[in-house]
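**Student:** Fold the following.
(chains A and B)
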Amino acid sequence: MTAEKVISTDRLTKKFGDFVAADEISFDVYKGEIFGFLGANGAGKTTAIRMLCGLSTPSYGEATIAGFDIYKETEKIKKNIGYMSQKFSLYEDLTVLENIKFFGGIYGLSDKELKSKSNQLIETLGMSVEAKKLVGSLPLGWKQKLAFSVAIIHDPKIVFLDEPTGGVDPVTRRQFWDLIYKASSQGITIFVTTHYMDEAEYCHRISMMVDGKIKALDTPTNLKDQYHANSMDDVFYELARGAKRKAD
Amino acid sequence: MKQFFTFVRKEFYHVFRDPKTLLLLFGMPIAQIILFGFALTNEVKNSKIVIADYAKDVASERIIEKIEATKSFEIEQILLSTKEIEETFKKGKVKLAIVFPATFNSDLSHQNKTQVQIIADASDPNTATTLTNYAQSIIMSYQREVQAMNRAPLQINTEIRMIYNPELKGATNFVPGVMALVLLLICVLMTSVSIVKEKETGTMEILLVSPMNPLLVIVSKAVPYFLLSILNLTVILVLSITMMEMPMNGNFLLLYFASSLLILAALSLGLLISNSTNTQQEAMLISLMGMVIPTMMLTGFLFPLENMPLPLQVMANIMPSKWYYIIVKSIMIKGLGFVAIWKEMSILLGMTIFLLTMSFKRFKIRLA
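**Tutor:** Numbering: from 1, shown residues only, chains lettered A, B, ... in the order given. Down below sits the predicted model:
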């Protein structure tokens, strides 16, 4: 692993009134890393991701994304990141090809790039038959894989995945992770939140958020040693048990 | 710029792939115009009338003869007193009554001036106007006849009484009203729903994370509906001018310009609603409840504003449709130019700018 930091936060905090959704979180993520961002519901994961993506302004604290300042250079950050939210987020009434062209288009790809990218993407996903079908008619697993591929169509430095595999069967999840590994091997940094602890094992490093704070951050193996646990499930339970906030 | 076109193309896909949207977009205006058109038809044939002839002289009989000769009227009864007129009106078959005073001919020959009264059931205002006009023209033709034989100038004064609806609101009033209603409704509804839909499906987040300028997102959302509304306006105009004989005495360019202002105001209102709501149902409810009823009530095409209590009259002033309605009537019916309506136009422009700024502001706040 190279030592180039692509995400670096220092005491990043978001308050909503008296409520501190994200409480002085500090961590670094390195290039090409698959970084698992775990926590119970309501722990503050989504707030953290939203700040990192520029969807929400931090209350205080510093962060740089892909080398750009989170306050002053949001426009540059936006060009260098991809984002896939927990909701399925392609247009169901557009075809596979139209979706690819739309999202490529708003990221400013040229017609030539768009053409080669979409051909390549459809081939990788094995969707040549479905290319002209409406996305709404595809099974969920396919949609998710397509959504991921679209999220990295502009070759971002980092891609943020907010619970990307919710409601998807184990086989498709495995295939989805194959795509993630492939992207990671190409040097794209993956920042992923998940509720599936088997997926947590696939990550290079994991951070655990409890009550807005990062309670643990290490490789899955080290975390299991540290908490004398057999699986990530046990680690998660051990940490989340102490949470004061109720999950919503 | 390429981003912009990519976005606008996407919006068109949304519109053309949703049958419900298409139906609402093009079905509703056509249905409304046709409904109003046929409900308020202008054609008058064999209308039943009654005559109260107190005069029973040469002049009155000659006029009655002339009335009988036309296809427009069918004389139901010659009454003896005016009291019976109201009773026949109440039965509903008779639409018009003509009353000759006892001194009809003697006044005409001695004073060169006489009077005749025409009473119309104006609960159907269109028919009432048409019938009184026919009746008047018949009496005028008699006047010319007598005039031809006489040297002295003659004058038969027709005194017209519209009963049941003295305001005489009719088709020429409805068409501009429907235009305002349809344009407002479609623009507000369509834009608010289309943005909220993106929020619901989660695509809005993706758009906000993308390097596309949020303002550009708003503008690209509005462009397709603006173009479709202009198309819609054309359909309404063609239908109302050809089918409903709506006059068009003014400048088309001016009319389209004024309509563009209303469309922009409505689009901005739609954006504003969508920025303040989170579900499609919410957006739809607010646009429908907040727009349809106030627009119907406070534009002035169903109920005259002058007769409303002061608070409602004041409220009507904040309805863009009220001003648009005045503009359309001035252009289409009176054939007036920009000089006559610049005040209303500026009010509409002011509203558009205000709403647009508001919706841009709200959109930015959401990003913070």
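**Student:** contacts and neighbour counts: CA atoms only from here.
**Tutor:** Will do.
**Student:** for the one helix or strand residue A:123 maps to, packing partners?
**Tutor:** Secondary-structure element containing residue A:123, defined by DSSP states H and E: helix A:111-125. Judged by 3 or more C-alpha pairs under 8 Å, 6 or more residues apart in numbering or on different chains; DSSP states H and E, helix A:111-125 is in contact with helix A:96-106, helix A:140-151.
**Student:** neighbouring contacts of the last one?
**Tutor:** Translated: helix A:140-151. The contact list for helix A:140-151 (C-alpha atoms under 8 Å, 6 or more residues apart in numbering or on different chains) reads A:82-84, A:88-90, A:100, A:103-104, A:121, A:125, A:135, A:159, A:164-165, A:168-169, A:172-173, A:176, A:179.
**Student:** what does the shortest one give?
**Tutor:** For helix A:96-106, the external contacting residues (C-alpha under 8 Å, 6+ apart) are A:90-91, A:114, A:118, A:130-135, A:150, A:153-154, B:2-4, B:6-7, B:10, B:210-212.
**Student:** That one versus helix A:140-151: what angle between them?
**Tutor:** Orientation check (axes from the mean of the first three to the mean of the last three C-alpha atoms, to 10 degrees): helix A:96-106 against helix A:140-151 gives 30 degrees.
**Student:** now helix A:96-106, how far from the chain's geometric center?
**Tutor:** Centre-to-centre, helix A:96-106 and its host chain are 20 Å apart (C-alpha atoms, centre = their mean, to the nearest Å).
**Student:** Tell me what angle it forms with helix A:111-125.
**Tutor:** 140 degrees.
**Student:** which other helices and strands contact the helix or strand harbouring residue B:142?
**Tutor:** Using DSSP H and E, residue B:142 sits within helix B:125-149. With contacts taken as 3+ C-alpha pairs under 8 Å, 6+ apart, helix B:125-149 sits against helix B:58-69, strand B:96-100, strand B:113-121, strand B:155-163.
**Student:** Show me which positions of that helix end up buried.
**Tutor:** By 16 or more other C-alpha atoms under 10 Å in any protein chain shown, the buried positions in helix B:125-149 come out as B:125-129, B:131-132, B:134-136, B:138-140, B:142-143.
**Student:** Identify, from those, the entry nearest to chain A.
**Tutor:** Ranked by distance to chain A (C-alpha to the nearest C-alpha), the buried residues of helix B:125-149 are led by residue B:126 at 46.9 Å.
**Student:** Contacts for stretch B:179-186, please.
**Tutor:** Here stretch B:179-186 makes contact (C-alpha under 8 Å, 6+ apart) with B:24-25, B:28-29, B:229, B:232-233, B:236, B:262-263, B:266, B:287-288, B:291-292, B:295-296, B:321, B:324-325.
**Student:** Would you mind listing what in chain A touches chain B?
**Tutor:** Residues of chain A lying close to chain B (C-alpha under 8 Å from any C-alpha of the partner chain) are A:53-57, A:75-76, A:78-79, A:82-85, A:87-91, A:93-94, A:102, A:105-108.
**Student:** Just these: which are in helices?
**Tutor:** Taking DSSP state H, the ones among these that sit in helices are A:53, A:75-76, A:78-79, A:102, A:105-106.
**Student:** so who does residue A:90 touch?
**Tutor:** Taking C-alpha under 8 Å, 6+ apart, one finds A:99, A:135, A:143, A:147, B:203 in contact with residue A:90.
**Student:** Likewise for residue A:163?
**Tutor:** Counted by C-alpha under 8 Å, 6+ apart, residue A:163 has contacts A:85-86, A:192-195.
**Student:** Over to residue B:363?
**Tutor:** Contacts of residue B:363 by C-alpha under 8 Å, 6+ apart are B:214, B:275.
**Student:** again, only using 10 Å
**Tutor:** B:214-215, B:218, B:271-272, B:274-276, B:357 (C-alpha atoms under 10 Å, 6 or more residues apart in numbering or on different chains).
**Student:** Name the nearest of these relative to chain A.
**Tutor:** residue B:214 (11.3 Å).
**Student:** Grab the nearest non-local neighbour of that closest one.
**Tutor:** Among residues not flanking residue B:214 along the chain, residue B:208 sits closest, at 6.6 Å (C-alpha to C-alpha, 6 or more residues apart in numbering or on different chains).
**Student:** Okay, and that neighbour sits in which element?
**Tutor:** helix B:203-209.
**Student:** List the buried residues for the following helix or strand past that helix?
**Tutor:** Per DSSP H and E, helix B:203-209 leads on to helix B:214-242 as the next helix or strand towards the C-terminus. Neighbour counts over helix B:214-242 (16+ other C-alpha under 10 Å) mark B:214, B:217-226, B:228-230, B:232-233, B:236-237, B:239-240 as buried.
**Student:** Can you give me the pLDDT of the residue nearest to the spatial centre of chain A?
**Tutor:** Centroid-nearest residue in chain A, with C-alpha atoms, centre = their mean: residue A:161, separated by 2.0 Å. Here the pLDDT value assigned to residue A:161 is 92.
**Student:** So what does it look like in phi/psi?
**Tutor:** Per-residue torsions, residue A:161: phi -120, psi 120 (degrees, to the nearest 10).
**Student:** residue farthest from the centroid of chain A?
**Tutor:** residue A:129 (28.6 Å).
**Student:** right, I mislabeled it, should have said chain B
**Tutor:** Taking C-alpha atoms, centre = their mean, the residue of chain B most remote from its mean C-alpha position is residue B:110, at 46.5 Å.
**Student:** what about that one, which helix or strand?
**Tutor:** helix B:104-111.
**Student:** how about the strands of chain A, start to end?
**Tutor:** A:5-16, A:19-30, A:34-39, A:60-65, A:68-69, A:81-84, A:158-162, A:189-193, A:205-210, A:213-218 (DSSP state E).
**Student:** Next, the angle from the second one to strand A:5-16.
**Tutor:** Relative orientation of strand A:19-30 with respect to strand A:5-16: 180 degrees, computed using the same axes, to 10 degrees.
**Student:** and the angle from strand A:19-30 to strand A:189-193?
**Tutor:** Angle between the axes of strand A:19-30 and strand A:189-193 is 150 degrees (criterion: the same axes, to 10 degrees).
**Student:** Just checking, which helix or strand of chain B averages the lowest pLDDT?
**Tutor:** Between all helices and strands in chain B, the lowest mean by mean pLDDT, DSSP states H and E belongs to strand B:155-163, at a mean of 66.
**Student:** Buried only: go through the contacts of helix A:96-106 for me.
**Tutor:** Members of those classed as buried by 16+ other C-alpha under 10 Å are A:90-91, A:114, A:118, A:131, A:133-135, A:150, A:153-154, B:3-4, B:6-7, B:10, B:210-212.
**Student:** where in chain A is pLDDT low?
**Tutor:** Counting by pLDDT under 70, the ranges of chain A that qualify are A:1-3, A:245-248.
**Student:** coming back round to it: let me see the contact set for the residue nearest to residue B:214.
**Tutor:** A:53-55, A:78, B:214, B:217, B:367.
**Student:** separation between it and residue B:215?
**Tutor:** 10 Å (C-alpha to C-alpha, to the nearest Å).
**Student:** Up against chain A, what does chain B have?
**Tutor:** Residues of chain B lying close to chain A by C-alpha under 10 Å from any C-alpha of the partner chain are B:1-7, B:9-10, B:13-18, B:198-213, B:366-368.
**Student:** Give me the ChimeraX select line for these, limited to the buried ones.
**Tutor:** Buried members of the residues of chain B next to chain A can be picked out in ChimeraX with the line below, counting by 16+ other C-alpha under 10 Å:
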select /B:3,4,6,7,10,14,15,198,199,201,202,203,204,205,206,207,208,209,210,211,212,213
